[in-house]
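Student: how does the following fold in three dimensions:
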Amino acid sequence: VIADLRAAKANTSCGGMARILKKLGFTVKDAKKPGHKVFFHSALVGFIGSNYTCGHGRNPTLKPRYVDKVIKVLEKYESELQNFKRLK
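Tutor: The predicted structure is shown next:
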């Protein structure tokens, strides 16, 4: 998943990011401001959540810095996420 996100960084849609995170067990919700998303994972000890901004329009492309932000979370919790996927 991390390699795929790096490869498609400039072409990652808002909906695509939400689908990726949900497949990994994250909960993705709309934040208070339009276009803002928050995500969290109940199985990741110490992870209180993070966020990204989608921008405007119908299923817009994320700015690369938000894709990088998600990648950093996935890298930090990579082993826990792999264990979570095995237990599912």
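Student: then the biggest helix by length in the chain to PDB, C-alphas only?
Tutor: Longest helix in the chain, counting residues (DSSP state H): helix 64-76. Taking only C-alpha atoms (Å, rounded to 0.1, in the frame of the first residue of the first chain), the coordinates of helix 64-76 have been written out as PDB:
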ATOM      1  CA  PRO A  64       1.000  15.400  -2.300                       C
ATOM      2  CA  ARG A  65       1.800  16.700   1.200                       C
ATOM      3  CA  TYR A  66      -1.400  15.000   2.500                       C
ATOM      4  CA  VAL A  67      -0.500  11.700   0.800                       C
ATOM      5  CA  ASP A  68       3.000  12.000   2.500                       C
ATOM      6  CA  LYS A  69       1.300  12.600   5.800                       C
ATOM      7  CA  VAL A  70      -0.800   9.400   5.500                       C
ATOM      8  CA  ILE A  71       2.300   7.500   4.300                       C
ATOM      9  CA  LYS A  72       4.200   8.500   7.500                       C
ATOM     10  CA  VAL A  73       1.300   7.200   9.600                       C
ATOM     11  CA  LEU A  74       1.300   3.900   7.700                       C
ATOM     12  CA  GLU A  75       5.100   3.500   8.000                       C
ATOM     13  CA  LYS A  76       5.000   4.200  11.700                       C
END
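Student: the helix or strand that comes right after it versus helix 64-76: what angle between them?
Tutor: The helix or strand immediately downstream of helix 64-76 is helix 78-87, counting by DSSP states H and E. Between the axis of helix 78-87 and that of helix 64-76 there is an angle of 70 degrees, by axes from the mean of the first three to the mean of the last three Cα atoms, to 10 degrees.
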